[in-house]
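Trainee: the following block contains a protein sequence and its predicted model.
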Amino acid sequence: MSKMTKKQKNILKWAFVMLLVCVVVYAFRDSAGPIYREIKETSPKILVMILLASMAYEFVESIISYILVSQYSNSKLTFLDANFMTYFISFYRVTTLGSGVIVAAFLYLRTCGLKSSEGFGMYVVQYAIHKISIAVIGVVAICLDFAYVMGVCGEYKNYLLLGVAATVVITVVLVLFAGSTKFHKGLYFVLDKINFHGKFTRAVDKLKTQCQVMEDGAKVVLKKPGVIVGALVLNVVKSALWFAIPYIILRGEPGIYLFRTIGITAICIMLAGVIPIPGGIASSEFVLIAIFSGIVGGTDAAAMSLLYRFATFVFPFLLGTIVAIFFREIRRRKQRLYPEMFVEMSREKDELDMELGFDTEE
């Protein structure tokens, strides 16, 4: 079978990306029309401001990624790469409905020199810090504006407590799973007890190896508390940029103040993870409408939620599509600059596959 020409490969690449875009458009066809109509009815000034807030969020996210990845001596990630990676992840967040985020980060980080263990470990830690930042903003909002928050979210107070608890538990589990030797030993003990007949030995051994390589990668960052604290502060700033979008849209309405709106939006995002949602409605959209309806009315709340979805979900995806299209070229450029790195990456992949029990033979 003859090899494809460069032109044929480019056509195939574009076709694949366009297919993913079409799948996304079809999957979200019900909300596409309302979002488009709301954009048409919104003033250009507000649109520019919310898109700038969205881009500022992604910019700070890139700074965080760059700082964390720079802790690894073998990193070839430039600040421009960090920006590209942020939008690359946004593209796969939408096309895989969130399930491919870590894989997308892993692929890009491998292109920039990080080993499998380092890429997985680092991104799990970064995600955990992100979750903490949302909880910090939400809890501060509750403490500083308790009466108002309870007045607006009173009927959801049990879910609110559950949301805070769930965020803390998820964060702790992620950090422990990423870099705690004691946690892994406890996990191995449980797995060995379950596997007392030896039927799952191969699968258990693979999981143990995966935990070990992730632990090795995560500890590079976890051993530097100053870096963790700095990343947490930047994550709070980053999250506040997105959470300020409802304020930009609703500014001038009674009860809408910048810091209060940022706090209420953070609470909405926490609630979105624990409130039972009617089928077919995005969880964050539903909660934003439910909470903000009590502040500005249902019509304005619904309009705001559509614009928020566009700024935080659709817009980064559109920019990420461009990065996804040119990802192969980005990888080729890195390979030309650091050929020895790609040889080492290939060797490391084969060794890891052997440790995990995968067949590396053709």
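Mentor: In hand now; what should we look at?

Trainee: helix, strand or coil: sort out the residue nearest to V103 when sequence neighbours are not counted for me.
Mentor: Setting aside the residues directly before and after it, V103 is nearest to Y92 in space (C-beta to C-beta, 6 or more residues apart in numbering), at 7.1 Å. Every C-beta, even on glycine, is put in place using the N, C-alpha and C of the backbone. When classified by DSSP: H, G, I helix; E, B strand; the rest coil, Y92 comes out as helix.

Trainee: can you check the one 5 residues further on too?
Mentor: Under the three-state scheme (three-state DSSP), the conformation of L97 reads as coil.

Trainee: and if you look at A303?
Mentor: Following three-state DSSP, A303 is assigned to helix.

Trainee: can you name the residues that contact it?
Mentor: For A303, the contacting residues are E38, E41, I249, by C-beta atoms under 8 Å, 6 or more residues apart in numbering.

Trainee: quick check: which element contains the first one?
Mentor: In other words, E38. Assigned by DSSP states H and E, E38 belongs to helix 29-41.

Trainee: the stretch 251-362 of the chain: strands as residue ranges?
Mentor: Counting by DSSP state E, counting those that start in this stretch, the stretch 251-362 of the chain forms no strands at all.

Trainee: just give me the longest helix of the protein.
Mentor: helix 116-144 (DSSP state H).

Trainee: C-terminal to it, what's the next element?
Mentor: Assigned by DSSP H and E, the successor of helix 116-144 is helix 146-153.

Trainee: list the helices and strands that following helix packs on?
Mentor: Under the contact criterion of 3 or more C-beta pairs under 8 Å, 6 or more residues apart in numbering; DSSP states H and E, helix 146-153 touches helix 258-272, helix 283-296.

Trainee: next one: the first one to chain centre, how far?
Mentor: Spelled out, that is helix 258-272. 18 Å (C-alpha atoms, centre = their mean, to the nearest Å).

Trainee: same for it, what does it pack against?
Mentor: Other elements packing on helix 258-272 under the criterion 3+ C-beta pairs under 8 Å, 6+ apart are helix 116-144, helix 146-153, helix 157-179, helix 225-243, helix 245-250, helix 283-296.

Trainee: how about the ones you listed in TSV, adding mean neighbour count, mean pLDDT and distance to L319?
Mentor: Below are the helices and strands packed on helix 258-272 laid out as TSV (neighbours: other C-beta atoms under 10 Å; pLDDT from 0 to 100; distance: least, C-beta to C-beta, whole Å):
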stretch	mean neighbour count	mean pLDDT	distance to L319
helix 116-144	21	87	20
helix 146-153	15	86	33
helix 157-179	17	80	27
helix 225-243	18	95	15
helix 245-250	23	96	16
helix 283-296	20	87	20
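
Trainee: in TSV, list these along with distance to K76.
Mentor: Formatted as TSV, the helices and strands packed on helix 258-272 follow (distance: least, C-beta to C-beta, whole Å):
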stretch	distance to K76
helix 116-144	12
helix 146-153	45
helix 157-179	23
helix 225-243	19
helix 245-250	34
helix 283-296	35
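
Trainee: nearest to V213, out of the ones you listed?
Mentor: V213 sits nearest to helix 116-144 of all those, at 3.5 Å, using C-beta to C-beta.

Trainee: okay, now the unreliable bits of the chain?
Mentor: Scanning the chain for pLDDT under 70 picks out the ranges 1-33, 196, 275-282, 342-362.

Trainee: spatially central residue in it, please.
Mentor: Nearest to the mean C-alpha position of the chain, by C-alpha atoms, centre = their mean, lies V101 at 6.1 Å.

Trainee: can you give me every residue that contacts that residue?
Mentor: Going by C-beta under 8 Å, 6+ apart, the list of residues near V101 reads I89, Y92, R93.

Trainee: run the last query once more with 6 Å
Mentor: Neighbour list for V101: I89, R93 [criterion: C-beta atoms under 6 Å, 6 or more residues apart in numbering].

Trainee: S117 too?
Mentor: S117 touches V213, M214, D216, G217, counting by C-beta under 6 Å, 6+ apart.
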